[in-house]
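Enquirer: my questions concern the predicted model and sequence given below.
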Amino acid sequence: MESREEILANFQACTGIEDIGEALQHLQESDWVLVDAVNRVIPGVSQEQAVDPVAPRPGTPPVNIQTLEPQPVLVPDDPPSFPQMAPPLQETFSSYLNSDIVAAGSSRQTAGVSMASDFLPIISSTRNRLLELNIEYRDRMIQLKVPDNQTVQVVKDLLQAETDVPPCQMELRGWGGNSQFPPTDRRLLSELNLPKENFLHLLTPEIPMADGQSEPEIIVNDIKLTLSIRDLFNNKVYNLPFTDTKLVSDVKRDVATVTSIPVYRQEWTGWPEDTHDDLSLAQAGVSDNQSLTVNQQPPERGMPIVVRDEDEEEDVIDVSEDEYQDAPEHMDDEDIFVPQTSRSGIQPLLPDDFGDESLAGIKFGEEFANRYGQPVMPFFPGSLDDALNESCKKSSTRDRKMLAMYLHHDSSVLTNVFCTQVLCADAVIGLFLENFVTWGWDLTHSTNKQRLLDMITRHFGSVAASTLRNMSIEKFPVVILIAKLRANMEILQIIHGNTTLAEFMTEVLATVENYNQQMSVEQREEQERNERNYMKEEQERAFQQAQLLDQVKEKEREDAEAEAKLLEQMDEAKRRSEQEEKERKERVRKEEQDAAKQILPPEPPADDSKPLANIRFRTPTETITRRFYGSDTLSILLTYLASVGYSPAEYKILSSWPRRDISILDKSSSLADLKLCPQETLTLEAHTTADSDSE
C-alpha cells in the first residue's frame, strides 16, 4: 500500500505539475487513486491506451523513462524498469509518453490564456531523487517522501495537511547537507545537498501546547507594513513593504541588497528601544510607515582598503576573517550538482531570494542600468501584478498597452550581446516606450526562477509555466510580448536571444501592427458600446427627471390635500369649540336662572295696599310686565330679569326718561328712589363689543 507522499510524488512525476496545491486538489478529487488523477489531468489517456513500457511505439524511437529523451534502438538483455513507481503507474506513464499529447505540434490551452505556436510544453530531462524526511513534531514522528526538485514550501504544505499548522508559523530545524544557501521557503531541496534520509524538528513557537481537548486555533494573517528607509550614504529614500513576521535581521539583509551597504557596516537609527536582530517587526513594536535611517560606518582602523587602478587588469582584494566563508564539502554521487549561477566576475541582476516582488522589480531595473549604462531600457519598477495593471488591464482600450516581459539569465552566452546590441538600442527603446510596459526578471538563481514560475502560473496558467521551466539556458535571454485581446490574456510573441537587431525589430513591429489592427476593432466596438451606453444613460436620466417631476407634483398635491385637511380640522375644532362654549354659556345661564328663581320673592298682588311699581320690560324678542313693591331694591329687579333669562351682565336696562342704564346704579336703591313707581317702561339692549371695551 503506497503512502500518500509516494502517490503525490508519482503523480507529479507523471503530470509535471509542480504546484503542490493543484496536485493535492486533483488527488483528493480522485480519492487518491493515481490512475484516475492522471486521467483527470491528461484527458484521453486510459487503460485501453496503455502499452507495454518496453515496447516502442510504431515508427517512434524508444524513450528512456528516467531521462525522457529518445534513445537509439537497441535490443536490451533485460527489459528496462520504472524505479520508484508502482505497476499501475508504469502503464499510465508509458501511455502518457506514447499518446498524442506529447506529440510534436500539440498544445494544451489554459482557460483565459492562449499560447503562441512555439510556446509549447516539453518534458523535463532532469533526474530527481526522492528524499525521505523524518520530522519530529511534539510527541509524534511524521514521515514524508518528497522529490528533491520541490521547495521547502512544499514540505511545509505537506506538514500542514498532517498537523493543521499554517506554514507561516512553521520553523524546521536540523537540515543536514553542506549547502551554503539558507533553507528559505523558495529554496529547492536539491540545492541544500541533503542526504537521502533526513531527520528534522518542526517548531511552532506561536502555537501553545494542547491540554486534552483544546479550542480550535485562530490563525492571524500577516499584517503588511511599509518602512520608509532613508539611505544617508547614497542620499535615497526607499518605501519597502514587509510583513510583521519579518525578522529585523532579514530586513537588514534586504536593505543591504538595495543600498549595497553590508549588514556589518550598517548604522541604524529609528528602531524602537531594545530592538535586536532576532525579533520580528511585530515583536519589536515597529508600526506602519515607520521612518528609519541607515548609514554606512567608516572602515575600522587596520582594515585594508583596495583602490581600483584603471591600468590594472586584475584587482587584489584582501578579505577579512569575518567575511571569509568555508567552501562547501565534497558531495556524494547521489547528490544533485548545483549549477553555478553566472559567469565569473558578474554580479546577478537580482540577488538570490531577494525581497518581495515589488522590491525585486526595482532592484532589477537599477542593476540593469548600472551594468549596461545609457541608453537603458526603462523597466517597470514594481511587481508583475502592477505591470499587468499598468499595461494590459486598463479598463479603456485606448489606454491599454502590451506588456514586454524580459527574462534574463547570466549563464547564457547570448546575454551580453543581446542586451548591448539589441535591447539597449535607441530604436528598440523608443519602440518599447511607445507601445509597451517593459518588466524584467533575472532567472540566474533557481530560487528567483521558481518565484517567476509561480507568477507565470498565477497569471498565465501551468502550461506556460511548464514551458518556461523546461526552456534551455541557450535560448535565453527571452522577450515575451503579452497583450489582452477580447478580455483574454494572450502571449503574442516569444523572441529568443539568438536574433539580430533587424530581426528583433521586424518581429516586434509585426506584433505591434497585428496588435493595433485587433485593438482598432476593439476600440470601434468599445466606442459603439460607449455610445449605446451613453444613449441609455441619457434615456435613463430623462426618465429619472420626469419621474422626479412627477414626484414633485405628487408631493405638492399631497401637501395641498394635507393643508386642506388641516384647515378643515381646524374649522371643525373651532366650530366644536364654539358649540361647546355656547352650550357652556347656556348651561351657566340656566343655572343662574334657576338660582335667581329660588331667591326671587313672589310677585305682589295687584290690590295690595303697599305702593307698587308696575314695570314693563321691552326685550329684543318680547314684552314682559311684572309688579314690584316700591320698597324692593334694584337687585330684586335684576334678579327677576335673570330668572327669565336676561342676565344683567349681558343686557343694558335703559329707562325712558331720563334715558339711563339703571343696571349700573346702586343695587341697594329702592325702586321708589329710582323713580320707577308707580309704573315705568324699561328697554333691554344686549351689550356690544364697544360697550364692553368702554366699560
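Expert: Happy to help now that I have it.
Enquirer: what residues does Gln679 make contact with?
Expert: 613-616 (Cβ atoms under 8 Å, 6 or more residues apart in numbering). To be clear about C-beta, it is placed using only N, CA and C from the backbone, and glycine gets the same treatment.
Enquirer: quick check: pLDDT value at it.
Expert: Note for Gln679: predicted pLDDT of 86.
Enquirer: ok, the one 3 residues further on next?
Expert: According to the model's per-residue confidence, Leu682 sits at a pLDDT of 88.
Enquirer: among the contacts of Gln679, name the buried ones.
Expert: Burial by neighbour count, 16 or more other Cβ atoms under 10 Å: within the contacts of Gln679 this picks out 613, 615.
Enquirer: quick one, strands of the stretch 451-600 of the chain?
Expert: Per DSSP state E, counting those that start in this stretch, the stretch 451-600 of the chain carries strands over the ranges 478-485, 488-496.
Enquirer: pull out the buried positions in stretch 640-653.
Expert: Buried residues in stretch 640-653 (16+ other Cβ under 10 Å): 640-643, 646-648, 651-653.
Enquirer: state the pair within these that is farthest apart.
Expert: With Cβ to Cβ as the measure, no two of the buried residues of stretch 640-653 lie farther apart than Ser643 and Lys652, at 18.2 Å.
Enquirer: how about a markdown table for the buried residues of stretch 640-653, with secondary structure and distance to Asn370 added?
Expert: Formatted as a markdown table, the buried residues of stretch 640-653 follow (DSSP: H, G, I helix; E, B strand; the rest coil; distance: Cβ to Cβ, whole Å):
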| residue | secondary structure | distance to Asn370 |
| --- | --- | --- |
| Tyr640 | helix | 129 |
| Leu641 | helix | 125 |
| Ala642 | helix | 122 |
| Ser643 | helix | 126 |
| Tyr646 | coil | 122 |
| Ser647 | coil | 118 |
| Pro648 | coil | 121 |
| Tyr651 | strand | 120 |
| Lys652 | strand | 120 |
| Ile653 | strand | 125 |
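Enquirer: from those, pick the one nearest Thr623.
Expert: The nearest one, if we look at the buried residues of stretch 640-653 relative to Thr623 and count by Cβ to Cβ, is Tyr646, at 12.4 Å.
Enquirer: now the closest one: phi and psi?
Expert: Dihedral angles of Tyr646 (phi, psi; degrees, to the nearest 10) stand at phi -120, psi 90.
Enquirer: can you list the low-confidence ranges for this structure?
Expert: 1-2, 43-127, 177-180, 205-222, 299-346, 689-695 (pLDDT under 70).
Enquirer: show me what counts as buried in the helix or strand hosting Trp268.
Expert: Using DSSP states H and E, Trp268 maps to strand 266-269. Across strand 266-269, burial judged by 16+ other Cβ under 10 Å covers Gln266.
Enquirer: centre of the chain to the helix or strand following that strand, how far?
Expert: Going down the chain from strand 266-269, the next helix or strand is helix 281-284, by DSSP H and E. Helix 281-284 sits 25 Å away from the centroid of its parent chain (Cα atoms, centre = their mean, to the nearest Å).
Enquirer: okay, buried residues for helix 281-284 please.
Expert: 281-282, 284.
Enquirer: what is the nearest of those residues to Leu27?
Expert: Ala282 (36.0 Å).
Enquirer: tell me which residues touch the closest one, please.
Expert: Residues near Ala282 by Cβ under 8 Å, 6+ apart: 223, 244-245.
Enquirer: CSV please, covering the residues you listed and showing secondary structure.
Expert: Output for these, formatted as CSV (DSSP: H, G, I helix; E, B strand; the rest coil):
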residue, secondary structure
Ile223, coil
Asp244, coil
Thr245, coil
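Enquirer: now list the buried members of those.
Expert: Buried among these (16+ other Cβ under 10 Å): 244-245.
Enquirer: the contacts of Ala282 into TSV, with extra columns for distance to Thr633?
Expert: Conversion of the contacts of Ala282 to TSV gives the following (distance: Cβ to Cβ, whole Å):
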residue	distance to Thr633
Ile223	105
Asp244	108
Thr245	113
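Enquirer: now, among the contacts of Ala282, which is nearest to Lys675?
Expert: Nearest to Lys675 out of the contacts of Ala282 is Ile223 (Cβ to Cβ; 113.2 Å).
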